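*Asks:* have a look at this fold, sequence not included:
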């Protein structure tokens, strides 16, 4: 049966529970190790097939850049597959930009997964993975569909079973450009490599304060981000004082803490946050909601 539309398609955000910069390639790309965990903060996208081959995006909440990752993903899939189909892509954006949550990359991955289905292409996960890597380092993770230990520039994924976790997130009013952090001369780029074998989920999920020296793992980008934007340090300090742990996610401005089950831990921060700051309570996801929308192997036909 030919699909004409896909409604209410989710594009979940992620947290970097840790992020180590372990080297740099000759082409300038940084080599990373990280644990990516999917969370239930998500954008919602709608897709409608067009017979005229046009690709058009419609912003339902905030205005996005004219040529965003969703349109670039759609164009890339259309060109690579040779399809004559087009699509109207409508986006209800909820995950903030510059937060370190992978919102744009998740939208691009969801676009690839949805259009693969809408256009009847039947591409495999490996095919979409390769296309996604050309769009951005985080895109392959969202196509992979599992919480994962991530290495290389983002293309090497090892699924990790993550028990359900609860997190409280704070996003200061500032949004951070990834390039500004990765190009900073004070960025640590030689953290020793870790080996996944021997770690259990509890060790990988342990979150410590940036300076307490307890436990394992950190975010190498956090010190630079705090130097550029002291609000990030203030948010991390607040969460550390309240929950005993805090860390920045990715290269963005969101800091988060792992919490015990509470009806609404964000209420504890009422009156403590400056104007323009956002707080959100999230839970981890066991897998991407579109995990089963794509084949894991090439067709044998």
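*Replies:* Looks like it came in fine. Owing to the predicted nature of the structure, the values given are computational and were not obtained by experimental measurement. Numbering: from 1, shown residues only.

*Asks:* which of the residues in stretch 134-154 are buried?
*Replies:* Along stretch 134-154, these residues count as buried under the neighbour rule (16 or more other CB atoms under 10 Å): 135-154. For glycine as for every other residue, the C-beta is placed from the backbone atoms N, C-alpha and C.

*Asks:* let me fix that, I meant to ask about stretch 24-44.
*Replies:* In stretch 24-44, residues buried by neighbour count (16+ other CB under 10 Å) are 30-39, 41-44.

*Asks:* can you pull the contacts of residue 16?
*Replies:* Shown in contact with residue 16 (CB atoms under 8 Å, 6 or more residues apart in numbering): 34, 35, 36, 100, 219, 249, 250.

*Asks:* if we can go back for a sec, biggest separation within the buried residues of stretch 24-44, which pair?
*Replies:* Looking at the buried residues of stretch 24-44 by CB to CB, the two members farthest from one another are 31 and 44, with 33.6 Å of separation.

*Asks:* mind putting the contacts of residue 16 in TSV, pLDDT, secondary structure and distance to residue 194 included?
*Replies:* Rendered in TSV, the data for the contacts of residue 16 read as follows (pLDDT from 0 to 100; DSSP: H, G, I helix; E, B strand; the rest coil; distance: CB to CB, whole Å):
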residue	pLDDT	secondary structure	distance to residue 194
34	96	strand	10
35	96	strand	10
36	97	strand	15
100	95	coil	20
219	95	strand	14
249	97	coil	19
250	95	coil	18
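
*Asks:* which stretches of the chain form helices?
*Replies:* If you assign secondary structure with DSSP state H, the helices in the chain sit at 69-81, 103-118, 125-135, 139-144, 178-182, 201-205, 222-228, 230-243.

*Asks:* show me the contact partners of the fourth one.
*Replies:* Residues from elsewhere that reach helix 139-144, judged by CB under 8 Å, 6+ apart: 11-12, 14, 36, 69, 73, 102, 105-106, 108-110, 112-113, 125, 128-129, 132-133, 148, 150, 154-155, 157, 159, 288, 294.

*Asks:* much appreciated, bye for now.
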